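In: Have a look at this prediction, sequence included:
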Amino acid sequence: MSNANDKFYYRQRARNKVWEAVIKALDRASDLHGIKRKDIAHFLEVPPSQVSRWLSGPSNWGIDTISDLLLAAGAEMDFKPARFEERVAQNEYHPLNEPLITVTRAKKSILEVDPIVTREVQMSLVDSQQRNPVISVTVGANAA
Amino acid sequence: MLTHDGLKDLISLRKLRPVRTRAPGEREARVMLLCLPMQEDLDAGLASADPKIVDRWASLQADMAHFVEEGLITWKFMKWLEAKKQEVWELISKRPRPSLRVFGRFALPNVFIATHVAQRNLLGGKWSLAFEIEKLKTEEIWNDLTAEPPFAADEYEKYITVNARRNPKVENE
């Protein structure tokens, strides 16, 4: 962890990802079996308004709530931690997002603070498929 | 309408700053660019000595990164404000309290310009004076940035073209 507030960031990121996974599981169940909010409410023995509140956005769902909602969709969570250093970079960037390519975490944190420096580095890279490119960054007055 | 080159110039001039994901290897298929007032509030929040305030702003940053990473977006996460012709949107970041609203406009499909942020509990109801002031503030910050009009379309999915829908399908009765 390079940043003291990473834990807060990753907690919210986890809430967002779980919310998306549950919504997509329920949408899939709706596509396959026509399941609607009232069916979920009936299955879970809660008012439909409670289901709407759950689905309204990322929240502090407990494990029980996640399990109940997924069970209503005929699914369960397939837990699989992803280690940062082992994750394969997706290399999919909008043209306006300066490519970070596959730099190491320490170098990436340097690049994030200055998009102009990032562009300089980007031009110096020849092989974007290289897993661990060695990058030498010189930050001088003319970089900005 | 703003172009990619025009936006890159504004980034180079530091009038806009891209939101980046902190997650190594994560895709960044959409763009969120922060105007100066938004940058200042975010930076101040993250630099706070109070862990609760840091939590609030780091969570907001994660919500903005969720957009950038092409995460699922629904009307409850991000929506346009009425009157639609003003082309002012809000990103809704409910937790941790206080709930925050990030105001802004789309420059292009999948390219959101976040002008500034406000606490929801200070805004009142839908047509409150405070909400109207925030919409005018969005326009003012936008006009300081560019003379170009924002992107405008008639359907939600034309603003956010992938992995977005107004409502989860199970909500459609």
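Out: Structure received.
In: Domain boundaries for chain A, per the record?
Out: A:4-72, A:98-139 (automatic domain parsing).
In: least reliable of those going by mean pLDDT?
Out: Per-stretch mean pLDDT for these is lowest at domain A:98-139 (a mean of 47).
In: Could you pull up the residues touching the most centrally placed residue in chain B?
Out: Nearest to the mean C-alpha position of chain B, by CA atoms, centre = their mean, lies residue B:114 at 4.3 Å. Shown in contact with residue B:114 (CB atoms under 8 Å, 6 or more residues apart in numbering or on different chains): B:19, B:32-35, B:38, B:64, B:91, B:102-104. C-beta here means a position set from N, CA and C on the backbone, and glycine is covered the same way.
In: Pretty sure residue B:159 sits against residue B:153.
Out: Yes. Using CB atoms under 8 Å, residue B:159 is in contact with residue B:153, at 5.9 Å.
In: what sits in contact with each of the two?
Out: The contact lists of residue B:159 and residue B:153 share residue B:109, where a contact means CB under 8 Å, 6+ apart.
In: Same drill for those two, tell me which one is more crowded.
Out: residue B:159 (24 against 13; other CB atoms under 10 Å in any protein chain shown).
In: all helices for chain B, in order.
Out: B:4-12, B:36-46, B:51-68, B:129-145, B:156-159 (DSSP state H).
In: cool, chain A as well?
Out: A:6-33, A:37-44, A:48-55, A:63-72, A:105-112, A:115-124.
In: closest to residue B:27 out of the ones you listed?
Out: helix A:6-33 (13.2 Å; CB to CB).
In: The closest one vs helix A:63-72, what angle?
Out: Angle, helix A:6-33 to helix A:63-72, by axes from the mean of the first three to the mean of the last three CA atoms, to 10 degrees: 20 degrees.
In: Next, the buried residues of helix A:6-33.
Out: A:8-9, A:11-13, A:15-30 (16 or more other CB atoms under 10 Å in any protein chain shown).
In: Return only those of these found close to chain B.
Out: Within the set of the buried residues of helix A:6-33, contact with chain B (CB under 8 Å from any CB of the partner chain) is found for A:8-9, A:11-13, A:15-17, A:19-20, A:23-24, A:26-27, A:29-30.
In: Residue ranges in chain B under the pLDDT threshold?
Out: For chain B, the stretches flagged by pLDDT under 70 are B:172-173.
In: now residue 65, nearest residue through space, not along the chain?
Out: In the absence of a named chain, chain A is used. residue A:54 (6.7 Å; CB to CB, 6 or more residues apart in numbering or on different chains).
In: look at chain B instead
Out: Residue B:65's closest residue in space is residue B:21 (CB to CB, 6+ apart), at 4.5 Å.
In: Surely that neighbour and residue B:71 touch.
Out: No. Contact between residue B:21 and residue B:71 fails when scored by CB under 8 Å: they sit 10.1 Å apart.
In: re earlier: quick check on the residue nearest to residue B:65: phi, psi?
Out: Main-chain torsions, residue B:21, degrees, to the nearest 10: phi -80, psi 150.
In: So what's the residue count around it?
Out: 21.
In: how about it, what does it touch?
Out: Counting by CB under 8 Å, 6+ apart, residue B:21 makes contact with B:28, B:65, B:68-69.
In: repeat for residue B:76
Out: Taking CB under 8 Å, 6+ apart as the test, what residue B:76 contacts is A:55-57, B:92.
In: Could you identify which of those has the most neighbours?
Out: Neighbour max across the contacts of residue B:76 (other CB under 10 Å) = residue A:55, 21 neighbours.
In: ok, it to residue A:25 distance?
Out: 11 Å (CB to CB, to the nearest Å).
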